[in-house]
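Enquirer: Have a look at this prediction, sequence included:
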Amino acid sequence: MSQASKFWDNAAVKYAASPIKDQQAYAYTLERTRSYLNANDHVLEIGCGTGSSAILLAPEVARFTGTDISSEMLRIAREKAAASGVKALDFQVATAAESAQDAADMTVVLGFNIFHLTENLEGILAALHQNLKPGNLLITKTPCLREPSIGLMRFLFRALIPVLQFLGKAPFVRAFSFRELEAMITAAGFQIVETGSYPKMSRYIVARRTAD
C-alpha cells in the first residue's frame, strides 16, 4: 500500500462526514457537468472519493465508474450508493494514472478536486488523450494554489503544505495557476470549450479530445 493510499484511507471517515464548504459552487459544478452528459455516455470519474458526485451524476448516463486510490473511501462510496439505489454505478480501486490508461471505453472523464493531488499530471493527460476518442470530453475542477487572486489565506496555506506533509497531515499537493493548468490540458491535445471559477480558487474546465 502506498503512502498516498494510507493517507486517504486514514482520512476517509472524517472526509465523508465533512460538509461541502461551498454548496452553491458545488451545485453549479454539477449543473454545468450535467449539461454535457447524455443517456448513452460511459463516464469515468478519477478520484471519486466517497462517491457523492458519482451518485448524483450516474442517473444521467448509461454507465458510471468511479475510481480512487483509497479502498476505505470506496467502501464508504459503495455503502452510500447502495443506500441511494442508484444503478449502473461501480467503484474500483485505481490510481489516477491507472484510470487514465483504462479510459478507452469512456466517452466522458471527470476529475473533481484531484489533479492537484497527482504527481505526474502531464503523463495522466497524455494517457487520457491517447485513450479517449476524438470528441470525447474531459471535465475537471481543480484548486489552483498559484493563482494570484486566491488571497492571503490560501497563500499562507500553500506555504504550510511542506510542514504539514512532513508531519503526515497533508498529501502530495501541486500548485499551479489557472493559465498553467489550462496550458497543460491544451498541450496534451485537448481543446478547451468552457472555463469557470467556482469557487474562486478552483478552475472548472471542459475540454474536448481533438482529432490527431
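Expert: In hand now; what should we look at? Only a predicted model underlies this, so the values are computations on that prediction, with no experimental measurement involved.
Enquirer: which secondary element of this structure has the worst mean pLDDT?
Expert: Within the chain, no helix or strand scores below helix 152-166, which has a mean of 51 by mean pLDDT, DSSP states H and E.
Enquirer: Which strands and helices lie in contact with the helix or strand following it?
Expert: Going down the chain from helix 152-166, the next helix or strand is helix 178-187, by DSSP states H and E. Packing contacts for helix 178-187, counted by 3 or more C-beta pairs under 8 Å, 6 or more residues apart in numbering; DSSP states H and E, involve helix 121-131, strand 137-143, strand 190-196, strand 202-209. All C-beta atoms are positioned from the backbone trio N, CA, C, and that covers glycine.
Enquirer: List the contacts of the second one.
Expert: In this structure, residues lying in contact with strand 137-143 by C-beta atoms under 8 Å, 6 or more residues apart in numbering are 29, 33, 36, 107-116, 125, 128, 132, 181, 185, 190, 201-209.
Enquirer: can we see that at 7 Å?
Expert: With C-beta atoms under 7 Å, 6 or more residues apart in numbering as the test, strand 137-143 has contacts from 29, 33, 36, 108-113, 115-116, 128, 181, 190, 201-208.
Enquirer: just the last one next, same as before
Expert: Surrounding strand 202-209, the residues in contact under the criterion C-beta under 7 Å, 6+ apart are 29, 32, 36, 129, 132-144, 178, 181-182, 185, 189-198.
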